[in-house]
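K.L.:
Test case, fold it:
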Amino acid sequence: MWLVKSLKLLARLHSVIIMSLRDRIPEQLNLRDEVVSIAMEEDVAVFPTSEYVLLEISPKVGKIDVRRIAATIQDLVRSDKRMVAIRGYGFKGIGLSVRVAHELKMRERRFLYQMTFDTFDASEPSDNRPLTSVQIIVMPPE
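P.N.:
Numbers count the residues shown, from 1 in each chain. Down below sits the predicted model:
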């Protein structure tokens, strides 16, 4: 009986934690049903704001240094207490975004990352073909 009660309490606590993470996401990063337009000049683009840093990975990306990107994000989140959003567009962008998030998790020692994952549709202005994309938001603990 106590095991069932403990599991129910754990499930409620987990849903509260997840909801509080979603509540912390800035309005500009809340993705809805609209299609995001990809307007990137380079393989990887960085857009810093006062609330967060947005990192976008192109669907046409070549080889990137995943470890260096993860180290930079680690420094932003751990030391500067900044929120970082990683958006990967298309097959290659999604794969590399997930690799960056995985590298962050592998670097954890005494610091635990809190992350949310969302999928959304995006398109390039040149062809308007929809691309499945992912947004990973890495948040510092409160």
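K.L.:
in the chain, which spans are helices?
P.N.:
2-24, 66-78, 90-106 (DSSP state H).
K.L.:
Pick out the shakiest of these, pLDDT-wise.
P.N.:
Looking over the helices of the chain, mean pLDDT reaches its minimum on helix 2-24, with a mean of 61.
K.L.:
burial count for the nearest residue to residue 59 once chain neighbours are set aside?
P.N.:
Excluding the flanking residues, the one nearest residue 59 by C-beta to C-beta, 6 or more residues apart in numbering is residue 90, at 2.8 Å. For glycine as for every other residue, the C-beta is placed from the backbone atoms N, C-alpha and C. Neighbours of residue 90 under the rule other C-beta atoms under 10 Å: 21.
K.L.:
Please apply the same query to the one 10 residues further on.
P.N.:
Residues near residue 100, counting by other C-beta under 10 Å, number 23.
K.L.:
likewise residue 133?
P.N.:
26.
K.L.:
Who does it form a beta bridge with?
P.N.:
residue 89, residue 120 (DSSP bridges).
K.L.:
is it true that it touches residue 123?
P.N.:
No: Residue 133 is beyond contact range of residue 123, at 9.6 Å (criterion: C-beta atoms under 8 Å).
K.L.:
shared neighbours of those two, anything?
P.N.:
Listed as contacting both residue 133 and residue 123 by C-beta atoms under 8 Å, 6 or more residues apart in numbering are residue 36.
K.L.:
thinking again about what came up before, for the residue nearest to residue 59, give me its contacts.
P.N.:
58, 59, 60, 122, 131, 132, 133.
K.L.:
which residues touch stretch 101-117?
P.N.:
18, 21-22, 25, 66-67, 69-71, 73-74, 77-78, 86, 134-141.
K.L.:
Can you give me the buried ones in it?
P.N.:
101, 103, 104, 113, 114, 116 (16 or more other C-beta atoms under 10 Å).
K.L.:
Mind picking the two most distant members of these?
P.N.:
Spatial extent of the buried residues of stretch 101-117 (C-beta to C-beta) is set by the pair 103 and 116 at 17.5 Å.
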